[in-house]
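Asks: Here you go, sequence then predicted model.
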Amino acid sequence: MKLSILDQVPILEGASSERALSETVKLATYAEKWGFSRFWVAEHHNMKELTCPAPEVLIPYIGAHTNTISLGAGAILLPHYKPYKIAESFNLLATLFPGRIDLGIGRAPGGSAEATEALSDAYLQEVWKMPEKVKELLHFLRNDFPHDSIFSKVKPTPVPTYSPRPWILGTSRKSALLAAEMGTYYAFGQFMSDEDGSDIISEYKTTFMSLHPDKKPYAIVAVSILCAETLEKAEELALNHYFTRSKFTSTSSSATTITERNQILKNLHSKIIFGTPESVEKRLHTLQKSYNADEWMIVTIPSSYQERLHSFELLAKQMIC
């Protein structure tokens with residue numbers, strides 16, 4: 001089972017943005033050492049708890065501190081940008097880091113309404129144009145515009161030996177079908193979705209193969225995992241995660257009853273995989289039977305950077321090393 005990491009570059013423990021970014025680089029170096037397949041960073045805007053608005057800027061810094069692990073954006077939010085500029089940026093990255101660059105594309109705004117307005121004059125209209133923008137981006141990456149196209153003589157330089165690998169990222173059937181139609185890889189964000197991911201992955205692969213019989217589909221499922229040596233510690237991490245992100249910030253874990261804590265943990269089981277390395281591995285293998293994913297991408301946001309690093313280390317030693 002191939003495992004990868006999606007890092008949202010969280011600001012934990014009241015840390016500074018500088019600390020958050022340095023911890024991301026540190027995590028990437030360990031991820032490579034432990035055998036994770038790829039390391040993606042996400043794009044967010046005007047969010048005080050997350051600090052990466054530009055994956056294309058952070059990726060080369062991570063690349064300079066690693067050697068082999070695949071690096072990418074999870075995702076570049078295409079409605080905010082022109083496809084040509086994205087193709088230029090990622091062709092440059094693919095030239096700097098041959099064979100290592102993934103270009104994940106998403107349609108979400110990635111921030112508040114005010115931040116979206118600051119980035120895009122007509123965001124919703126651009127969302128409606130998403131299929132056309134993805135198609136245009138792929139033409140730029142593959143350098144295969146029709147001869148009668150206005151862009152037929154426009155190349156996003158430099159042209160790398162190994163092109164960036166395009167992915168469609170999403171949380172719904174719509175994104176899966178877009179990936180299948182465009183013939184790209186697909187990453188499903190189960191940790192952000194209430195949809196039945198197993199059905200969506202199945203439909204993606206079936207549709208992909210019917211439309212592109214000469215190509216092979218590839219699907220990642222992204223899940224939230226908190227791993228610890230004991231179940232009690234894992235439950236503590238899960239509860240801390242819940243209360244940190246709960247809208248009811250006046251409520252704390254120490255103020256809840258045992259019954260309330262048990263109910264919260266029960267509800268969290270549908271959103272987060274938490275437990276010992278053995279129980280987490282067992283849960284992933286159970287999910288694999290229904291999802292048939294080609295790869296699992298892990299999101300881990302506990303209360304501290306040390307807990308995050310340790311969670312990934314435990315998982316790697318159990319399932320990779």
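Replies: Ah, there it is. Bear in mind that the values here come from a model prediction, so they are computed numbers and not experimental data.
Asks: so is the residue nearest to the spatial centre of the chain in a helix, a strand, or just coil?
Replies: Nearest residue to the geometric centre of the chain (CA atoms, centre = their mean): G74, 3.9 Å. For G74, the assignment made with DSSP: H, G, I helix; E, B strand; the rest coil gives strand.
Asks: Roughly how far does it sit from T24?
Replies: Distance, G74 to T24, using CB to CB, to the nearest Å: 13 Å. Quick note: C-beta positions are derived from backbone N, CA and C, even for glycine.
Asks: Equivalent analysis for R173, please.
Replies: Separation of R173 from T24 (CB to CB) stands at 31 Å.
Asks: out of the two, which sits in the busier spot?
Replies: The residue with more neighbours, out of R173 and T24, is T24; 22 against 15, by other CB atoms under 10 Å.
Asks: what sits against the more buried one?
Replies: 7, 9, 41, 52, 58, 62 (CB atoms under 8 Å, 6 or more residues apart in numbering).
Asks: And those, which is closest to I298?
Replies: Nearest to I298 among the contacts of T24: D7, at 9.6 Å, using CB to CB.
Asks: okay, T251: pLDDT?
Replies: T251 is assigned 47 on the pLDDT scale.
Asks: and what of S254?
Replies: 56.
Asks: try the one 10 residues further on
Replies: In this model, I264 is scored at 92, pLDDT.
Asks: now swap in R19 and tell me
Replies: Note on R19: pLDDT of 98.
Asks: Same question for T244.
Replies: Reported pLDDT for T244: 80.
Asks: isn't R38 right up against G74?
Replies: No - using CB atoms under 8 Å, R38 is not in contact with G74; the gap is 9.1 Å.
Asks: Now do the shared contacts for those two.
Replies: Common neighbours of R38 and G74 (CB under 8 Å, 6+ apart) are 102, 297.
Asks: ok, back up a step: how about the secondary structure of the closest residue to the residue nearest to the centre of the chain other than its chain neighbours?
Replies: Counting by CB to CB, 6 or more residues apart in numbering, W40 is the residue found nearest to G74 once chain neighbours are left out, at 3.4 Å. On the three-state scheme (three-state DSSP), W40 is labelled strand.
Asks: shouldn't W40 be in contact with I69?
Replies: No - counting by CB under 8 Å, I69 is not a contact partner of W40; they are 10.4 Å apart.
Asks: These two: which is more packed in?
Replies: More crowded of W40 and I69, by other CB under 10 Å: W40, with 26 against 22.
Asks: Show me what the more buried one is bridged to.
Replies: Counting by DSSP bridges, W40 is bridged to L6, G72.
Asks: Okay, it and S193: tell me how far apart.
Replies: W40 is 17 Å from S193, by CB to CB.
Asks: Show me where the stretch 101-250 of the chain has its strands.
Replies: Here the stretch 101-250 of the chain has its strands, by DSSP state E, counting those that start in this stretch, at 101-106, 165-170, 185-189, 219-227.
Asks: Dump those to TSV, plus distance to K82, mean neighbour count and mean pLDDT.
Replies: Formatted as TSV, the strands of the stretch 101-250 of the chain follow (distance: least, CB to CB, whole Å; neighbours: other CB atoms under 10 Å; pLDDT from 0 to 100):
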stretch	distance to K82	mean neighbour count	mean pLDDT
strand 101-106	13	26	98
strand 165-170	16	24	98
strand 185-189	22	27	98
strand 219-227	26	25	98
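Asks: So for S202, which of these sits nearest?
Replies: strand 219-227 (9.3 Å).
Asks: What strands flank that closest one, and is each parallel or antiparallel?
Replies: strand 185-189 (parallel), strand 272-275 (parallel), strand 295-299 (parallel).
Asks: how close does the closest residue to Q288 other than its chain neighbours sit to S290?
Replies: Nearest residue to Q288, sequence neighbours excluded (CB to CB, 6+ apart): M1, at 6.5 Å. Distance, M1 to S290, by CB to CB: 14 Å.
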